[in-house]
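Visitor: Got a predicted structure plus its sequence, pasted below:
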Amino acid sequence: MTSFTRRFGDVLLGTDPKQRLRISRSLTAASVYLICVALMGYACLTGFMAWREAAELSAAILLNVMIWYAILRSGLNKRFADPALTLPQIMAALTVISGAYAITGPVHGSTMMLLALVLVFGIFNMRARDARLAGGYTVLIMGGVIAWKVRSEPEYYPLRLEVAHFVLVAAIVPTISSLAAQLSSLRAKLQAQKEELSVALQRIQILATRDELTGLYNRRHMLEVLTQHQKRLERTGHHRFCLALLDIDHFKRINDTHGHGVGDEVLRGFAQVAESVLRETDVLARWGGEEFLVLLNDTQTNQANIGLERLRDLLARTALVPNMPELKPTFSAGLTAYDTSEPLHVCIERADQALYRAKAAGRNRTEVTQPPETSPQPRKVMG
């Protein structure tokens, strides 16, 4: 496609893909009007129709095409429930064709096929109700025109022939409308199925990445997140991170004493409080049972420990179970920094060992450890 053709298409149809499609369909449907004009020209040449009548109807046809093009091109159509304005355009086309039927004299029978052609243009876009409305309108307006012409010009519109024409219209048009209604129902069902599949896919994606109880990332997805951070660190050398493994103290006792329902509330409440304290760049996941893994991004262990202590302080002031304000669970944590020279599982294992030491030292504390090759730093044990 040349640049000139592209620019011309943009001027004629616009740049909005949906609007371009609507305008293209409207202009394609306007070819029916060209057939009407050609038939009128033939009727005039054979002496069956006056040039003046043909000119007047042709002008009406041109005006109709221009009006619909202006509405679509200006974007006014977007204000309506059906931006394509399928039903109004079809009703206008049916009115024009019925007018052509009335003034083309002996060749008027040729315009009947255009009725079906117009309805077929809208068969894939009209709703069931609109299709029935268009079919009923066609039968009524054609019935009126036939009755009028049988009385006013019986030489060109003989009763027997016009009865046959009307029977054809009354039989064929409702059939097309019924088919359009069925297609509309099918489209609606397919759209509903598509939406259901989309919702199901979103649900599957959530289940694949989220823990159902707490809404946090699950273990599998957290490993993917950690791998991404590891690769970024290896590639850039920046955005170092720490890992902290958290364990709710005496959680089994909570379950045994108060029941698993209360235990679930504690887990959900802990997750909400932790998310409210951590930074947006940090990532929290349920690692398993009452354990949580925290990725503290772009930080050192001393700074990361400050965040964990904020969480500890907030937990001491928060009732995780509203009807049991006296229940104030604590947590133990193992905190370490990740080193680029080690596999991820080594870093996680080091955090787990630090967590074990924190629990062995009395719980409700954070044990900080460093990678072996990192220069020794004073160990911070927070109680």
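Guide: Noted; the coordinates are in hand.
Visitor: Contact partners for the closest residue to residue 18 other than its chain neighbours?
Guide: Leaving aside its sequence neighbours, residue 18 sits nearest to residue 83 (CB to CB, 6 or more residues apart in numbering; 7.4 Å). Yep, even glycine has a C-beta here, placed from its N, CA and C like the rest. The neighbours of residue 83, taking CB atoms under 8 Å, 6 or more residues apart in numbering as the test, are 18, 22, 77.
Visitor: switch to 10 Å and redo it
Guide: 18, 19, 22, 72, 75, 76, 77 (CB atoms under 10 Å, 6 or more residues apart in numbering).
Visitor: same check, this time on residue 106
Guide: Taking CB under 10 Å, 6+ apart as the test, what residue 106 contacts is 43, 46, 47, 48, 49, 153, 155, 156, 157.
Visitor: Just the buried residues of the residues you listed.
Guide: Among the contacts of residue 106, those classed as buried by 16 or more other CB atoms under 10 Å are 43, 48, 49, 156, 157.
Visitor: Okay, and which of these map to helices?
Guide: Taking DSSP state H, the ones among the buried ones among the contacts of residue 106 that sit in helices are residue 43.
Visitor: about what we covered before: the residue nearest to residue 18: what secondary structure?
Guide: coil (DSSP: H, G, I helix; E, B strand; the rest coil).
Visitor: Next one: it from residue 16, what distance?
Guide: 10 Å (CB to CB, to the nearest Å).
Visitor: Spit out the residues that contact those two alike.
Guide: 22, 75.
Visitor: Next, the buried residues of stretch 264-278.
Guide: So stretch 264-278, judged by 16+ other CB under 10 Å, has buried residues 265, 266, 267, 268, 269, 270, 271, 273, 274, 277, 278.
Visitor: and it, how far from the chain's centre?
Guide: From the chain centre to the centre of stretch 264-278 is a distance of 31 Å (CA atoms, centre = their mean, to the nearest Å).
Visitor: again with stretch 158-178
Guide: 43 Å.
Visitor: Which residues does it contact?
Guide: Residues contacting stretch 158-178 (CB under 10 Å, 6+ apart): 94, 101, 108-109, 112-113, 115-120, 122-123, 126, 128, 130-139, 141-143, 145-147, 149-151, 154, 156-157.
Visitor: Please spell out the ChimeraX selection for the buried subset of the residues you listed.
Guide: Filtering those down to the buried ones (16+ other CB under 10 Å) takes a single ChimeraX command:
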select :94,101,108,112,115,116,117,118,119,122,123,126,128,130,131,132,133,134,135,137,138,139,141,142,145,146,149,150,156,157
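Visitor: Point out where the stretch 101-250 of the chain drops to low pLDDT.
Guide: 124, 237-239 (pLDDT under 70).
Visitor: ranges for the strands of the protein?
Guide: Taking DSSP state E as the criterion, the chain carries its strands at 241-248, 283-288, 291-297, 331-337, 366-369, 381-382.
Visitor: Just put those in CSV and tack on mean neighbour count and distance to residue 357.
Guide: Output for those, formatted as CSV (neighbours: other CB atoms under 10 Å; distance: least, CB to CB, whole Å):
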stretch, mean neighbour count, distance to residue 357
strand 241-248, 24, 11
strand 283-288, 20, 18
strand 291-297, 23, 15
strand 331-337, 26, 7
strand 366-369, 24, 5
strand 381-382, 15, 9
